[in-house]
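Visitor: fold the following and give me the result.
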Amino acid sequence: MKNTSNILFYIRRFRTNKDGKAPIYLRLTIQGKRAELTTNRFVLPEKWMVSAQMMKGTTEEARTINAYLNTLRNKVLQHINSLELQGLEVTSESLRNAVLGIEQKQHTLIEVFEYHNQHMKSLVGIDFAIGTYKRYLVTIGKIKAFLKHQYKKEDIPLKNLNHAFITNFDFYLKTHDENINNTAAKHIKNLKKVIHVTIQNEWLQSDPFNRFKCSYKDPNRGYLTPEELDILENKVFVINRLDQVRDMFVFSCYTGLAYADMEALTPSDVKIGIDGERWITTYRKKTDTRSSIPLFEKPLQIMNKYKDNPVANNKGRLLPVFSNQKSNAFLKEIAILCGIDKNLTFHLARHTFATTITLSNGVPIETVSRMMGHTSIKTTQIYSKVVDTKISNDMQNLKQALSRQKHPSEEAQGSTQIQRAV
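Guide: Predicted coordinates:
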């Protein structure tokens, strides 16, 4: 859009100084928005020509003032041309700053991203989990590597961001870094959030994400089958660390708690529910949503087994949990010893709760979503898509029900024949 600008010199007649002279002001109007500044020049009101925007006469004073105003007008026009050539938005305020010699701040992508991350770091434990903050650190690292690879630069001005930058970054993640689609999508999502911060602060005028679609594909969530879970539960380990990690994994399978939430459990999180039985009531670290989970016999047995564990008691924790890294490493050993050909991780236990323990046994998806602390039922629906055995069983039951409706006489006749045989 072409800039509509207007330069006007005028006097403020009612602000005369002790000599009776009025100050001369410069008014800049760009796209209907005004900015005003004093010229530090004064003139007698009767000597000012409104239409010509200059001082009357040919005196030395008149020539000096008019020459200065003409120079200032040319300076304004030069700054307008300069800002346009730099690709900067010409606003009344930016033009005023340019005339006064105030440099306009040019924000850059890495600078803004680091500003965002520093702000997020200060809110860890309040509005954000530490894991969320760390993921943004990974994303900014990816962007820095991409800038060096693609542009041979350490940073880039925000005004240079466009649709091509986003698509090239997405392509870089999938090819150079060999990220799968959903991993790349998470980095793109983090970048988009930071870009929207710049737009909200009016550091960037147009959104480079316009017309860019980032497709997130529903992942195929792994989980343990009932048979695999039974093998794991009944396996006897002579090594204490493996026995302990197996118990923590099984506890997660029957509660759906993520590693961070299980590690943070305290005895006070176990409460008596509305049914008079013991429940775990806690808030998820990742989403800060409330989870209320009734305790089955298996997790109650595990809690009783470790109620006097000195490590857990000294930390004020409900259970003795190794670090996430060690736990997942020990689970690899457990998988081999149990003959389970799956990538056994703590998150797999959470998936097992959603599929094998709850959804496969007819627990409504809304109930599962609440127990798992999901903020959206769409997240829970990802798990329901993989429960093929439940779909098969449900359809078999439906077929039998429909068959009984269509052939009630045959069922009755069969019943009569059984009675006669008896």
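Visitor: what about the stretch 101-250 of the chain, any weak spots by pLDDT?
Guide: 101-105, 216-221 (pLDDT under 70).
Visitor: tell me where it has helices.
Guide: Secondary structure of the stretch 101-250 of the chain by DSSP state H, counting those that start in this stretch: the helices cover 109-122, 130-151, 163-175, 181-200, 226-234, 240-255.
Visitor: cool, and the stretch 301-422 of the chain?
Guide: Taking DSSP H, counting those that start in this stretch as the criterion, the stretch 301-422 of the chain carries its helices at 310-315, 324-338, 346-352, 365-372, 377-384, 388-406, 408-421.
Visitor: hang on, the earlier thing: tell me the most buried of the helices of the stretch 101-250 of the chain?
Guide: helix 240-255 (a mean of 21; mean count of other C-beta atoms under 10 Å). Bear in mind the C-beta positions are built from the backbone N, C-alpha and C, glycine included.
Visitor: show me what that one is packed against.
Guide: Packing partners of helix 240-255 (3 or more C-beta pairs under 8 Å, 6 or more residues apart in numbering; DSSP states H and E): helix 226-234, helix 259-263, helix 297-305, helix 324-338, helix 346-352.
Visitor: how about those helices in TSV, adding distance to Leu123?
Guide: Shown next, in TSV, are the helices and strands packed on helix 240-255 (distance: least, C-beta to C-beta, whole Å):
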stretch	distance to Leu123
helix 226-234	39
helix 259-263	17
helix 297-305	33
helix 324-338	23
helix 346-352	25
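Visitor: can you pull the contacts of Phe169?
Guide: Contact analysis of Phe169 by C-beta atoms under 8 Å, 6 or more residues apart in numbering lists 143, 146, 150, 187-188, 191.
Visitor: look up how far Tyr151 lies from it.
Guide: Counting by C-beta to C-beta, to the nearest Å, the gap from Phe169 to Tyr151 is 11 Å.
Visitor: what does Arg350 give?
Guide: Arg350 sits 41 Å away from Tyr151, going by C-beta to C-beta.
Visitor: equivalent analysis for Pro310, please.
Guide: 56 Å.
Visitor: again, but for Ile24
Guide: Counting by C-beta to C-beta - Ile24 and Tyr151 are separated by 47 Å.
Visitor: and the lengthiest helix in the chain, what other elements does it pack with?
Guide: What stands out as the longest helix in the chain, according to DSSP state H, is helix 60-85. Helices and strands touching helix 60-85, by 3+ C-beta pairs under 8 Å, 6+ apart, are strand 5-11, strand 22-30, strand 33-43, strand 54-55, helix 92-100.
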